[in-house]
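>>> I need the structure of the sequence given here:
(one chain, ligands or ions: 1)
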Amino acid sequence: MAKPTPYTRFQKNLKTVFAHLKLTKAERSLFLEPHRILKKDIRLKRDSGKEEKFPAFRVQYNNARGPYKGGIRFHPQADEDEVKALAALMAVKTAVVDIPFGGAKGGVQVDPKKLSKRELQTLSRAYIRAFQEHIGPDIDCPAPDVNTTPTIMGWMRDEYEKLTGSYAPAVITGKPLAYGGSRGRDTATARGGFFILEELMDFDALDRSELRVAIQGFGNAGATMARFLHEAGYTVVAVSDSQGGIYSEEGVDPVRIEKYKRKTGSVAGEYCEGSVCDTSKMKLDNVQHVSNEELLELPCDILIPAALDNVITAKNAPKIKARYILELANGPTTPEADAIFEKRAIRVIPDVLANAGGVTVSYFEWSQGRSGEQWTDAQVDAELKRIILAAYRAVRREVHREKISYRQAAFLLGVRRMLEAMRMRGWIDT
Ligand code: GLU
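Next up is the predicted model:
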């Protein structure tokens, strides 16, 4: 049997839903492959004068419910198959939260931490030039993802407007506040996950002060989530970033760690080189260093993968001690691991629901860009809460009605909504 890939794992999740919904062959075929796979090599002149090539991708999976939507990641492991899987997940995600978008994703195979600020800007602008004819506020609207920042989104918007001679703030979301961004977009992914977790903990009548949380990933989503949980009285026992992590049974203070990381980290280009595991100088009591793999298996109640995909597999799933897993990363759990969690009654709140706060506030940003309105923090927060909790409750209803996992229920809801739109558009004979 061929080795599983991110995209075959996505298809496996789809198949269980196809069976549940009793889809015809023709209906299934609409979900099997993305509408369009765009790829180009970006040539970048390095500061040294040498020219280097970086493979770049934009995959447009489906636009039945609205313009293609999804982030762009800059990562050495970003390849066509991964971007394809992430694009497909975006289509399910926008349908689960019921916002008027389809799904897409972009990627450049590069280690952006090795680029100077000038090189990073040149690469970001080149990405837009490479795919400009397929992008637009009504066509395909990118956003940030792993290693891409508001500044990068700002450069990209500017490049698009220059190329098209238009005013188009809605072409891209996750922009800086001073250049068409929305309030609350920076904290949105964590905020959405936090609202869901709070509702789940209330439902299960659990006392926050007794709940220990381990978070893998200290980027935008992970670090913000650590702060929200700490402030709400949970004990954050472990955090990590790409260089490793720290664990303390009594809890770590994410606010101090973030400050420390910023203060001591030398800034290379657009990125901070400080690390959460660089605590020797930080004088934290009872802190143990752990690897990213070890972090997943630590004693805790809630595990939050907030970094990369496919980190929870059949190999480590039996050793995971958490009772709840909240996926702020995209695709962190393989279907084999899911099956183990089902047997062990560990509740997994899937990516397409748990991290959908990011794209939801992107929707607010897109709509502010089109109308010229500016929302307040309170408006963004209230609307995000309404949308994400409505989605969570709809998924939970399917869980109980159909006796299936949260992932299967979310896929069921998403695929059903996509099908309705496809029918309206005549893609399916009724
Ligand atoms: N990259 C984020 C995600 O995976 C946000 C996408 C967006 O805002 O369009 O959901």
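>>> state the pLDDT value of Leu284.
Looking at Leu284, its pLDDT reads 63.
>>> gap between the closest residue to the ligand within the stretch 301-430 of the chain and Val97?
Closest contact between the stretch 301-430 of the chain and the ligand, by Cβ to the nearest ligand atom, is at Ser362 (3.2 Å). (C-beta placed from N, C-alpha, C; glycine too.) Counting by Cβ to Cβ, to the nearest Å, the gap from Ser362 to Val97 is 11 Å.
>>> any chance you could map the strands in the stretch 301-430 of the chain?
Applying DSSP state E, counting those that start in this stretch to the stretch 301-430 of the chain gives strands spanning 302-305, 324-326, 347-349.
>>> what mean pLDDT does the second one get?
To tie it back to what came earlier, the one meant is strand 324-326. Per-residue pLDDT values across strand 324-326 average out to 98.
>>> let me see the ranges of the helices in the chain.
6-21, 25-32, 80-96, 117-131, 150-164, 188-203, 220-231, 254-264, 292-296, 335-343, 351-354, 357-371, 377-402, 406-424 (DSSP state H).
>>> out of these, deepest packed?
Comparing these by mean neighbour count (mean count of other Cβ atoms under 10 Å), helix 351-354 ranks first with a mean of 29.
>>> need the contact list for the residue nearest to Gly358 when sequence neighbours are not counted.
Distances taken as Cβ to Cβ, 6 or more residues apart in numbering place Thr189 nearest to Gly358, at 3.7 Å, with adjacent residues excluded. For Thr189, the contacting residues are Asn220, Ala221, Thr224, Leu328, Asn355, Gly357, Gly358, by Cβ atoms under 8 Å, 6 or more residues apart in numbering.
>>> pLDDT value on Thr189, please?
Thr189 is given a pLDDT of 98.
>>> how near is it to the ligand?
7 Å (Cβ to the nearest ligand atom, to the nearest Å).
>>> next: Ile139.
Ile139 sits at a distance of 14 Å from the ligand (criterion: Cβ to the nearest ligand atom).
>>> same thing with Gly251?
Distance, Gly251 to the ligand, by Cβ to the nearest ligand atom: 29 Å.
>>> which strand residues bridge Ile215?
Partner residues in beta bridges with Ile215, using DSSP bridges, are Val239, Ile304.
>>> how many neighbours does it have?
31 (other Cβ atoms under 10 Å).
>>> residues contacting the closest residue to Ala394 other than its chain neighbours?
Excluding the flanking residues, the one nearest Ala394 by Cβ to Cβ, 6+ apart is Leu413, at 5.8 Å. By Cβ under 8 Å, 6+ apart, the contact set of Leu413 is Ala95, Val96, Ala391, Ala394, Val395, Glu398.
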